[in-house]
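Trainee: Here is a sequence together with a model predicted from it:
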Amino acid sequence: MLQVTKIFRFEMAHALQGHAGACRHVHGHSYQLHVTVRQEREQEGYLPGAGMLIDFKELKKLVKEAVIRRLDHQLLLSGDYLAANPGILRQENLLVLEAEPSAENLLLFVRNAIREKLPAGIALAKLKLYETADSYAEWVL
Ligand SMILES: Nc1nc2c(c(=O)[nH]1)N=C([C@H](O)[C@H](O)COP(=O)(O)OP(=O)(O)OP(=O)(O)O)CN2
Ligand SMILES: [Zn+2]
């Protein structure tokens, strides 16, 4: 199956309520997100027109609007975290998630946000979210 991937970077802070270690405190990551899309239906011949599944530029615009602009330089926390630490509600760049903002849950947020925006005939195939250089979560169709 034909697939194309675009890589994005963004900076975000988070804290994991209930984590036994240091990750329960607010801290930041330089995230790297790999977005892979594929044809909804496999085709035998070459691609028509400019020969693109989706223009990398279009994929970039779509993901930037759906995800990167919403997360970059934000502080992402759960409702549970805020209930336990109400003082942080004054943060200007606060974004609230209905679950703990682990790499896994963040990836589910990203999956839903991108799916809503994909053009007809294109499906999300794979997402990889690096929290650090050697830790990543992956979602595969
Ligand atoms: N399954 C998950 N485990 C952890 C997550 C997560 O999102 N999913 N998140 C964290 C922390 O937020 C943070 O990312 C720390 O991750 P870690 O790989 O442990 O980071 P370090 O590079 O500091 O770890 P080393 O011990 O230096 O390898 C924790 N776990
Ligand atoms: Zn973290």
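Mentor: The structure has been received and is ready for your questions. Ligands and ions are numbered 1, 2, ... in the order given.
Trainee: okay, CA-based contacts and neighbour counts for the rest of this
Mentor: Fine.
Trainee: number of nearby residues for Lys6?
Mentor: Burial measure for Lys6: 14 neighbouring residues, criterion other C-alpha atoms under 10 Å.
Trainee: give me the beta-bridge partners of it?
Mentor: In this entry, Lys6 is beta-bridged to Val35, by DSSP bridges.
Trainee: Beyond the lengthiest helix in the chain, next helix or strand please.
Mentor: With secondary structure taken from DSSP state H, the chain has its longest helix at helix 103-115. Next along the chain after helix 103-115, taking DSSP states H and E as the criterion, comes strand 122-132.
Trainee: Can you name every helix or strand that that following strand contacts?
Mentor: Counting contacts by 3 or more C-alpha pairs under 8 Å, 6 or more residues apart in numbering; DSSP states H and E, strand 122-132 packs against strand 27-39, helix 103-115, strand 135-140.
Trainee: other SSEs contacting the first one?
Mentor: Of the remaining helices and strands, those touching strand 27-39 by 3+ C-alpha pairs under 8 Å, 6+ apart are strand 3-14, strand 122-132.
Trainee: sorry, back to before: quick check: buried residues in the longest helix of the chain?
Mentor: Of the residues in helix 103-115, Ala103, Glu104, Leu106, Leu107, Leu108, Phe109, Val110, Arg111, Ala113, Ile114 count as buried by neighbour count, 16 or more other C-alpha atoms under 10 Å.
Trainee: same thing with stretch 68-78?
Mentor: For stretch 68-78, a neighbour-count test (16+ other C-alpha under 10 Å) marks Ile68, Leu71, Asp72, His73, Gln74, Leu75, Leu76, Leu77, Ser78 as buried.
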